[in-house]
Each structure stands twice: as structure tokens, then as C-alpha cells.
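Engineer: Here is my input; please provide its structure:
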Amino acid sequence: MYNKKLPFQEEKIKPEIFKRTFSRDTNESDLKWHTDNEDRKIKVVESKDWKLQLDNELPQTFCERKEYFIPKGFFHRIIKGEGGLVLEVEKLKTNSNFKQKNIFSESFNSKVISENLSYHIKNNISLDESVFRIGSDAWLNLVNEMRELYKSGKIDLNEDEKFIIETEAGKKAKYKGKEIALEVPNKLYENANLYEVYVNENGTVKRIVFEEENNI
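Structural biologist: Next comes the predicted model:
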């Protein structure tokens, strides 16, 4: 069955296993950050340079015949490559014993800059076009790392990056005893357009709830 709202064609193979085919003409803007309602195991049947990115992780290239585990409620996205992509998606029952470690990259040791910043520099990706989901821990750490390097004169930034760095975005603060990140919108409910953001007004941290406008 083909769902026009989804960026793939889906065929049911077994009760909990689905074959998903992504066309080479897939619109990149349709491949968004999202979460699933259950644990999932993904088997790559066919892929040409397509990538999987998990929240707070760098993108990794899909390997054919390899299996990947996506935990329930875990933000992730697919990044378009060349040609098409074919996956077998298995929706797992709760308390699956499938090994999660396969999806995470090994830790990176650097005395100067983090692996995440190094990745952005080597691939000429600016902060305002970061591969990380805005508001994720990896994005916040990247912003704060670049802010410190810029203040010490160790890194050059473009105007858009300077705008982000010169705000309080990503800075840590306390709100009712809880540590929060300033000026970073967070979605309150999965299926609603309500967001919250914390701002510092003259030394007082305030919580603001707002609704995103739907321009569709």
C-alpha cells in the first residue's frame, strides 16, 4: 500500500514486518526527525549511500544486510543517498533482547575538539545547518563548544553562526530546581504544535509556552 503522506512505499511481509522502498526521487525535506511507538529492528536490503542518524550521534552509512536497532521514543532520521533504499522494518514487542550496541559509534578521543565539531569542519557544515536535531544534547554541546572556542579566538564563524553563539542558546540555567537549556524550543506533545522555551530576562529564568503556526 502506498501512503502519500509518507516518503516510501510499504508492503506488509509478515504481521510485524514491513518492506519499505524509498525512491531515488524522494524529497529530502520529507525525511524528518521522528520517533516510533515501539522498538524496531531495521534490516538493510538495498542502499546506495543512504545514511541513518540517531539523536546525538553522527550520521552512519547504511550497510546492506546489516541490522540496526531503533529504541522506542528515540529520535532518528534517514538521510538521502544516491539511487533507492529498501528496508525491512520489524516492529518489536516490549522488552526485546535485540542488541542495541550495533547502532552507536565508538567514542572519539581528542584533546583539542570533539568528534562532532571535527565532523562539521571536515564536511564544511556550518552550525546553522548542523546535522544534529536542534535542542538535542549533541546540538547543545556543539553550540557551547563553538562558543568557547570563538571567545578564545580559536575558531572563525560566519554571520549566522555568530548570531547563534552571541545569544544564550544552549547555556545551562536553573528553573524550579531543574537544569534546563536556555532559548531552545522543546515540543511538549508528539501530536501537537505546542512548544516550551526558557529565557533569561534580567537574571530571572522564565518558561514560555507557544503554539507553532501551521502554514500547510
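Engineer: contacts, neighbours, all on C-alpha from now
Structural biologist: Will do.
Engineer: any residues touching the strand or helix carrying Met146, and which ones?
Structural biologist: Assigned by DSSP states H and E, Met146 belongs to helix 137-151. Residues outside helix 137-151 that contact it (Cα atoms under 8 Å, 6 or more residues apart in numbering): 55-57, 116-117, 127, 130, 132-134, 155-157, 164-166, 169-171, 181.
Engineer: Filter those residues down to the buried ones and express that as a PyMOL selection.
Structural biologist: To isolate the buried ones among the contacts of helix 137-151 in PyMOL, judged by 16 or more other Cα atoms under 10 Å, type:
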select buried, resi 55+56+57+116+117+127+132+133+134+165+169+170+171+181
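Engineer: Show me what the worst-scoring helix or strand of the chain on mean pLDDT is packed up against.
Structural biologist: Least confident helix or strand of the chain, by mean pLDDT, DSSP states H and E, is strand 186-187 with a mean of 82. Here strand 186-187 touches strand 194-201, going by 3 or more Cα pairs under 8 Å, 6 or more residues apart in numbering; DSSP states H and E.
Engineer: Just the C-alphas of the strand it packs on, formatted as PDB.
Structural biologist: Output of strand 194-201 as PDB, limited to C-alpha atoms (Å, rounded to 0.1, in the frame of the first residue of the first chain):
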ATOM      1  CA  LEU A 194       2.800  23.300  21.500                       C
ATOM      2  CA  TYR A 195       6.400  24.200  22.500                       C
ATOM      3  CA  GLU A 196       8.100  25.500  25.500                       C
ATOM      4  CA  VAL A 197      11.200  27.700  25.700                       C
ATOM      5  CA  TYR A 198      13.200  29.100  28.700                       C
ATOM      6  CA  VAL A 199      14.500  32.600  28.500                       C
ATOM      7  CA  ASN A 200      16.600  34.700  30.800                       C
ATOM      8  CA  GLU A 201      15.000  38.100  31.500                       C
END
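Engineer: relative to strand 194-201, how tilted is the helix or strand following that strand?
Structural biologist: Sequence-wise, the next helix or strand downstream of strand 194-201 (DSSP H and E) is strand 204-211. Orientation check (axes from the mean of the first three to the mean of the last three Cα atoms, to 10 degrees): strand 204-211 against strand 194-201 gives 150 degrees.
Engineer: Adjust the sequence numbering to begin at 8 for everything that follows.
Structural biologist: Right, with 8 as the first residue, what we last looked at is strand 211-218.
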